[in-house]
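Enquirer: Return atomic coordinates for the entry below.
(chains A and B)
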Amino acid sequence: MGTENPGRQQFPPARPVATPFSVAPPQNMMPFSSSGPVVGSEASGFRPIPPGAPQPMVPSSTHVVGSQASGFRPSPITRFSDPSVPSPPTANVPPIAGQFQRFPAPHFPSTVQAPLSHAPPIGQPLAQPPAPPVSFRPRPQIPPVPMGSPPQTVNPAVPSLSAPYSSSDSMYQAPRPNFQSSFPGYVRMQSNADSQAPPIPPPFPTHQGGYASSAPPPSSYPYLAQPGGYVPHPPVAAPLGMQSRDQMQHFGSGPPSGSIQGLMEDFSSLSIASVPGSIDPGIDSKSLPRPLEGDVEPKLLAEMYPMNCDPRYLRLTTSAIPSSQSLSSRWHLPLGAIICPLAEAPDGEEVPVVNFTSTGIIRCRRCRTYVNPFVTFTDSGRKWRCNICSLLNDVPGEYFAHLDASGIRIDLDQRPELTKGSVEFVAPTEYMMRPPMPPVYFFLIDVSISAVRSGMIEIVAQTIRSCLDELPGFPRTQIGFATFDSAIHFYNMKSSLTQPQMMVVSDLDDIFVPLPDDLLVNLSESRSVVEAFLDSLPSMFNDNANVESAFGPALKAAFMVMNQLGGKLLIFQNTLPSLGVGRLKLRGDDLRVYGTDKENMLRLPEDPFYKQMAAELTKYQISVNVYALSDKYTDIASLGTLAKYTGGQVYYYPSFQSAIHGEKLRNELTRDLTRETAWEAVMRIRCGKGVRFSSYHGNFMLRSTDLMALPAVDCDKAYAAQLSLEDTLLTTPTVYFQVALLYTASCGERRIRVHTAAAPVVADLGEMYRQADCGAIVSLFSRLAIEKTLSHKLEDARNSLQLRIVKALKEYRNLYAVQHRLGGRMIYPESLKFLPLYGLALCRSKPLRGGYADASLDERCSAGYTMVALPVKKLLKLLYPSFIRLDEYLLKASAQVDDLKRLPLAAENLDARGLYLYDDGFRFVIWFGRALSPDIAMNLLGADFAAELLKVNLKERDKEMSRKLMSTLEKFRESDRSYYQQCHLVRQGEQPIEGFLLLSNLVEDQMGGSNGYVDWLLQIHRQVQQNA
Amino acid sequence: MVTLWLWLFSFFFLLGLLCTLAFQLMCLVDLEYDYINPYDSASRINRVVLPEFIAQGALCFFFLLTGNWLTFVFSLPYLCYNVRLYMERRHLVDVTEIYNQLRWEKKQRFLKIGYVILLVFLSLFWLLSSISVEDE
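Expert: Purely as a prediction, here's the structure:
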């Protein structure tokens, strides 16, 4: 798995290691040759040992830890024979454990002492042997622990172990905890697998850190290695069993054959077999894995390659890239990346801007890779080697710097592009096709009767007016307006006018723009006219009784106004387009179409006009954001196409009423207008030889095979790409990825944002699973599934999703189940423990759920357009929303927001006496239990508490509790501003609103024809076991 | 003699068909190798799609009129396929999704070319056989 980065490790291989390992040379070399000896060694050590003596392996792993000692091999064997091992038949299980303890004893004497300064430990191990056997026995009996958290289960065994230790030095005690935690893992495995010693070994390595006797040495080791730049070790120190296991595998992976055992089991398992005599399916639903902590970014890769860009910008579905096509075809999950090029960085972590004024931007001559931290300088600093194509490039004179003794540039600390994974280069004129465009905002507003009635126009006008000061790009920002009903109205806002002039074009067949200029004006010059216009807009159409909508012609007109510059086009649409080109039929949602081959046609644009328009708009750098606010069917499937191919976004407010949804529209429009936006952008992802990005998913249009055209990008947009491998074997130990986004900043500067990341190449499937990133996988899955609904039935999309999860788990099971005799248990990698749940949530999400009756067509389509553009965190929150009980928190004055605990999304958690908050990142639902104390309701709702909650607006009242609730909600909103969570109130039993707002979103419950969590797991498990 | 003229007529029709298909294929390959942009590629292809369909339909009709049942039957599936594409409005390439459909569009055109070449041989056989019959 050759993880290291050759360039970085200056460290010679750890010294002691070298000797011991000589015994098992091959493996060590490959993976950790320079840096990782500690870990890697374990894996290698295992292989040699004959299968007959599985346990020895274990010891070997320990050796690794204590690798210093050369004599290990022999010792393990002896151990076996050790008296401590219980009688043979049962022995299998126990021995494992037994060895464990035993092992330290033998080892130490022989090996550890010599190399290590930690002489004291030796004494301890000796003491241990007696104790361990005893403790171990019980373990097998311990019921298999659900994957959750190992630590607790272990306890029984642990105490005994700890006892001996305690006697020993105090310094040793610290390590103990690790021991325990890692133990649990053992326990589980052993209980299932009778004979297999191999499983055990894995834990060991983890232990190393924690293992009292051996602990000191290992820990010291890793540290040594680290300085060299090898990051992975630190984890060893981490107490958690699970983590440690992961790490180890990570290290241990070598050639597949040996590695499987060496890697060991970092998998988790779940007992699903039913208990005899009980009707219960045998799953304790409480113990099932749930992402209650939200999304956890993978840390391993960042530790291994500290110069990688932050995972908020780029996340790989697995941090271990398979070395061959055959290997990647066995990884049934998608292989790819989720990219969010402009993700918001917390204060202090902004992307540094680099300006190469004199030298031009340093790039590889052949593959055009930008200079990055992974390039190496040679020839005393005169040349640099591209990390992606390995071409030697000349260093331009002005960029030259001497190298120090270790081959590092002496000016490294002044060169952020050589130390940071994310940088921004200021692009010179070669990167411009035309002068950088100013930020342009053009508003196309529906003023037909339904728009007037809903109050939309007023809110939009007010919001735009309040944002005028904050529009990015002052003083170059340009702005323009057009309104339409059955005709199109243009507004001349020339700065010399005092009032805007309205011009009406009613010839829809031959659209023309009445004025060449002055429809799009510079905001700072025409400020007063713009303000006058926005002030008068709501009243201008008050009496408009026009029901028609000439949307298509208006869109064309807007295009004509904007195509000189490009920019952002915001469309506020309230009625189904009914006149001129692009008119749409009320094709509606037809129950009879569902389940037939024509079902997907509903979700495709009806008129090719929309796709053509979208293509034209992108070509001229216009990005469209569609705000659809109709109370009737508006064919979002067609309208959304405009946003999809222009890098835009669809906002959908069903049955918009300004009194109810006004706040949401106001906040989201403000966000849209004021967030930092990158204009006329293109994005390309480069990667090393042997891999290539084969397909891209998200809201954009491809301009060439690998160039995404993004007329406007902002921090709330993420894109997915799938990787494919070429026929040849990957020979390099590392693959590099580089995302480059060339854009015009609002300030008028042309810039290139570059994110670079490295990932190790592995030849072992287990390693890929171990390093999988569940969040990225789910993101990619959701994009693929939503795209599939455009060409297939909903059911097909769901089935194919399920099938892929099953295949992946089956493959994983084949890796481990046989050796460990895991019979009836469900096993999965620790890294993917949430995958089944997210898969279920995805099948229950709006774009994919159920059939005709489960979501309206418009809602489905708009959710689909939204979800394909969401960053990972936001998407996971939408799939598995947070669900919190609030009443106790509100009653207790001292309670803090941080104390709020997320609950599993199941109706059984709803207590009639409680008050619950459901937050999916797009809205809040507050659920009032039937038996909730009237006090709370009174405090929060005032006099409205008895009214129908649907019509009640939650607002701050002059009560302590109300203030607390509002500030809590505000805090949740602050954590992510990309969408505004509007608050919906619902009382228990208020049907059908309750079902529609909350109950249908409790993904763990059974709903209609779909499975609950437990059934879903059972179903997946059954399918995994078929022919397994 | 009439046969020869008829054959020549159908032969040039087939040749024309072959050319339009080859042209479309060329556009797609150029696109794949990044020699032209998707807008140009799509508009060029779409310009010749309808002529291709019409030519093929006319050819079929011609075969029918001249009583070449065998060739007519043989070119019928092609016609049906084209008609279906047209009815489903999938006959034009889609600029926005052209890269995702590239593989399929190319395959489809390769198959069509193969099919037309087969037709050419078949009609050649028809010519030879009819000439030999005339000679007798």
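
Enquirer: ok, which residues in chain B are in contact with chain A?
Expert: Selection of chain B residues close to chain A by C-beta under 8 Å from any C-beta of the partner chain yields B:32, B:34, B:37-39, B:89, B:92, B:94-96, B:98-100. To be clear about C-beta, it is placed using only N, CA and C from the backbone, and glycine gets the same treatment.

Enquirer: Can you tell me which helices and strands the longest strand anywhere in chain A packs against?
Expert: The longest strand of chain A (DSSP state E) is strand A:750-762. Strand A:750-762 makes packing contacts with helix A:300-304, strand A:314-316, strand A:321-322, strand A:422-426, strand A:734-744 when contacts are defined by 3 or more C-beta pairs under 8 Å, 6 or more residues apart in numbering or on different chains; DSSP states H and E.

Enquirer: circling back: buried subset of the residues of chain B next to chain A, written for PyMOL?
Expert: Applying 16 or more other C-beta atoms under 10 Å in any protein chain shown to the residues of chain B next to chain A, the buried members can be selected in PyMOL as follows:
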select buried, chain B and resi 38+92+94+95+96+98+99
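
Enquirer: and the residues of chain B next to chain A, which two are the farthest apart?
Expert: Farthest-apart pair in the residues of chain B next to chain A is B:Asp34 and B:Arg89; separation 28.4 Å (C-beta to C-beta).

Enquirer: So, low pLDDT: which residues of chain B?
Expert: In the predicted model, chain B carries pLDDT under 70 at residues B:136.

Enquirer: Show the residue spans covered by the strands in it.
Expert: Under DSSP E, chain B gives no strands.

Enquirer: biggest helix in the chain, by residue count?
Expert: No chain was given, so I picked chain A. In terms of residue count, the longest helix belonging to chain A (DSSP state H) is helix A:794-820.

Enquirer: The chain in question should be chain B.
Expert: helix B:98-135.

Enquirer: Flag every buried residue along that helix.
Expert: For helix B:98-135, using 16+ other C-beta under 10 Å, the buried residues are B:98-99, B:102, B:105-106, B:108-109, B:112-113, B:115-116, B:119, B:122-123, B:126-127, B:130.

Enquirer: and that helix, what does it pack onto?
Expert: helix B:2-32, helix B:38-65, helix B:69-87.

Enquirer: Please identify the buried residues of the second one?
Expert: In terms of neighbour count (16+ other C-beta under 10 Å), helix B:38-65 has its buried residues at B:38, B:41-42, B:44-46, B:48-49, B:52-53, B:55-57, B:59-60, B:62-63.

Enquirer: in the stretch 551-700 of chain A, which spans are helices?
Expert: All helices of the stretch 551-700 of chain A, identified by DSSP state H, counting those that start in this stretch, fall at A:551-562, A:608-619, A:636-644, A:658-674.

Enquirer: The stretch 301-450 of chain A too?
Expert: A:325-330, A:449-454.

Enquirer: Save the helices and strands packed on strand A:750-762 as CSV, and put in mean pLDDT and distance to A:Arg365 too.
Expert: Listed next are those as CSV, based on pLDDT from 0 to 100; distance: least, C-beta to C-beta, whole Å:
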stretch, mean pLDDT, distance to A:Arg365
helix A:300-304, 83, 29
strand A:314-316, 94, 25
strand A:321-322, 93, 25
strand A:422-426, 94, 17
strand A:734-744, 95, 15
